[in-house]
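Q: Turn this into a model:
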Amino acid sequence: MKNYGVDLEREKQDREGRDYVFGSGEDIKGMTDNVAGLVTAGFAWPMPINGIYPRTENVINHCFIFFNQLLARFYPKGEKQFGRDDFMDCVARGFHNEFEKQINYAIEMKFLSTETIKWLHDKNYIDSDKKFVINDAFLAILSGTTRNGNSLKRVVDTFINVGCIPKYMLPVSNDMTWDQYHNTNRITEDMKMLGLEFLEKIKINYQIVYPADYGKFSGKIKWEIFDNYIDRTDGDWIKRLAENYNFLGYSYRVIINEKVIAPKFAIKQNCLYQLIEGQGGFALGLDGKLVIDKTDLIIATWLQRNTKEVINYKGEKELVLIPNTGQLTLEQWNSVDHINLKREPIQTIKSQTNWLYKILSNLFKK
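A: Residues are numbered from 1 along each chain as shown. Model (predicted):
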């Protein structure tokens with residue numbers, strides 16, 4: 001049975017350590033959770049019947065992501081994962097496809113700061129179609145993909161530690177062999193440094209998700225998927241699977257958040273800052289200053305300025321709170337002007353409401 005890039009033996013070995021499981025009490029919040037899908041694996045590919053791929057094998061040999069038509073514009077363009085040989089990097093492509101979808105959504109909804117979006121443009125992560133596109137070979141090579149493919153766990157662990165680079169940096173051609181595609185000499189130190197610089201802007205995380213919780217994510221679980229092989233039914237990259245199709249017994253949820261770093265002389269607009277030294281406290285970033293007032297008033301103002309109306313995966317309007325928070329040292333706190341909510345200059349920190357202070361302190365620890 002042909003394998004398309006999932007190494008189940010390696011997956012079993014790599015998962016012997018501790019996993020973070022969705023719904024286990026350790027849930028991590030992401031800025032695009034309302035459109036998050038899942039990365040999983042199954043069998044590729046039987047011949048479709050009336051446009052639907054039936055369950056014919058219990059083999060797991062290919063990685064893909066769930067697809068939601070309402071979010072179609074955020075998905076990447078389809079791309080074949082082979083040249084002269086199959087590159088066997090469906091796992092890297094699966095995680096990248098889901099990640100690109102979420103970043104494209106975050107950009108359109110303006111969840112990312114203007115500084116981060118400008119940086120993405122300046123570094124050519126945004127292509128001529130104004131889409132965020134990253135290079136699959138970079139992750140495939142650095143995660144040690146073999147001719148048998150790779151494990152989902154190893155690839156995502158590599159992803160969160162090496163970051164990503166723009167697509168153009170490692171060109172792919174139709175006549176490439178497996179050896180040419182996976183040549184480690186293609187990776188330069190500049191590429192590695194850029195990947196790490198990306199991680200200074202955007203934090204990537206993940207959790208294991210079991211089928212009981214699949215309905216909480218954006219894929220149509222009865223069952224449409226997106227991958228890097230052309231659909232035999234209509235020639236696109238989306239396949240409809242039978243409801244009893246065989247999948248890996250779990251999936252991976254990709255979680256993204258923008259890293260809020262408070263430079264000494266640059267306060268982020270509408271960001272809720274926590275003073276982590278001295279007596280502590282909370283303030284709102286506004287026009288390069290820190291607004292310091294009663295904590296309940298600060299929080300109310302922050303909520304008002306960071307809550308946006310978006311369209312969720314069901315096509316319904318919902319309010320989403322942008323996780324726009326940061327932490328400051330006492331030196332950073334004192335390096336900018338302080339005002340109150342009336343925009344009057346102040347010299348001292350106003351009293352903090354005790355119960356709110358405790359709640360918010362716990363929020364920042366997560």
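
Q: ranges for the strands of the chain?
A: 39-42, 52-53, 62-66, 202-209, 224-226, 238-241, 251-258, 272-275, 281-286, 289-291, 307-311, 317-321, 325-328, 338-339 (DSSP state E).

Q: Compile those strands into TSV and extend it with columns for mean neighbour count, mean pLDDT and distance to R154.
A: C-betas here are computed from N, CA, C, even on glycine. Converted to TSV, these look like this (neighbours: other CB atoms under 10 Å; pLDDT from 0 to 100; distance: least, CB to CB, whole Å):
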stretch	mean neighbour count	mean pLDDT	distance to R154
strand 39-42	26	94	13
strand 52-53	18	90	27
strand 62-66	26	94	12
strand 202-209	20	94	12
strand 224-226	22	91	22
strand 238-241	21	91	25
strand 251-258	23	95	12
strand 272-275	23	93	35
strand 281-286	23	93	39
strand 289-291	22	94	43
strand 307-311	13	82	34
strand 317-321	12	84	32
strand 325-328	18	91	32
strand 338-339	19	94	48
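
Q: Could you point out which of these sits nearest Y168?
A: strand 202-209 (19.1 Å; CB to CB).

Q: Just the C-alphas of the closest one, formatted as PDB.
A: Below are the C-alpha coordinates for strand 202-209, written out as PDB (Å, rounded to 0.1, in the frame of the first residue of the first chain):
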ATOM      1  CA  ILE A 202       3.800  35.200  16.300                       C
ATOM      2  CA  LYS A 203       3.700  32.300  18.800                       C
ATOM      3  CA  ILE A 204       2.600  28.900  17.500                       C
ATOM      4  CA  ASN A 205       1.200  26.200  19.800                       C
ATOM      5  CA  TYR A 206      -0.900  23.100  19.500                       C
ATOM      6  CA  GLN A 207      -3.100  20.600  21.300                       C
ATOM      7  CA  ILE A 208      -4.300  17.000  20.600                       C
ATOM      8  CA  VAL A 209      -8.000  16.900  19.900                       C
END
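
Q: helices or strands up against it?
A: helix 152-162, strand 251-258 (3 or more CB pairs under 8 Å, 6 or more residues apart in numbering; DSSP states H and E).

Q: follow-up on the earlier one: with distance to V91 added, can I get the strands of the chain in CSV?
A: Listed next are the strands of the chain as CSV, based on distance: least, CB to CB, whole Å:
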stretch, distance to V91
strand 39-42, 8
strand 52-53, 20
strand 62-66, 4
strand 202-209, 13
strand 224-226, 14
strand 238-241, 17
strand 251-258, 10
strand 272-275, 37
strand 281-286, 39
strand 289-291, 45
strand 307-311, 30
strand 317-321, 30
strand 325-328, 33
strand 338-339, 50
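
Q: which ones are touching the residue positioned nearest the centre of the chain?
A: Residue closest to the mean C-alpha point of the chain, counted by CA atoms, centre = their mean, is I256 at 3.7 Å. Neighbouring residues of I256 by CB atoms under 8 Å, 6 or more residues apart in numbering: G30, M31, T32, F99, Q102, I103, A106, I202, K203, I204, N205.

Q: beta partners of it?
A: Assessed by DSSP bridges, I256 has beta-bridge partners I204.

Q: Now do the nearest residue to R305 once chain neighbours are set aside against L284, distance only.
A: The shortest distance from R305 to any non-neighbouring residue, by CB to CB, 6 or more residues apart in numbering, is to N270 (4.3 Å). As judged by CB to CB, to the nearest Å, N270 and L284 stand 7 Å apart.

Q: and the longest helix belonging to the chain, how far from the chain's centre?
A: Counting by DSSP state H, the longest helix found in the chain is helix 90-108. Relative to its chain's centre, helix 90-108 lies at 7 Å (CA atoms, centre = their mean, to the nearest Å).

Q: List the buried residues in that helix.
A: For helix 90-108, the neighbour count (16 or more other CB atoms under 10 Å) marks 90-107 as buried.

Q: Report the inter-axis angle for that helix versus helix 152-162.
A: 50 degrees (axes from the mean of the first three to the mean of the last three CA atoms, to 10 degrees).

Q: I'd like to check the angle between helix 90-108 and strand 62-66, please.
A: Orientation check (the same axes, to 10 degrees): helix 90-108 against strand 62-66 gives 20 degrees.

Q: Report the mean per-residue pLDDT for helix 90-108.
A: Here helix 90-108 scores 97 as its mean pLDDT.

Q: Can you give me the neighbour number for V162?
A: 21 (other CB atoms under 10 Å).

Q: should've said K80
A: By the measure other CB under 10 Å, the count of residues near K80 is 13.

Q: Could you pull up the residues touching it?
A: By CB under 8 Å, 6+ apart, the neighbours of K80 are N228, Y229, I230.

Q: Mind picking the one among those that's closest to W119?
A: The nearest member of those to W119, counting by CB to CB, is N228 at 27.7 Å.

Q: For that closest one, report the pLDDT, please.
A: 85.
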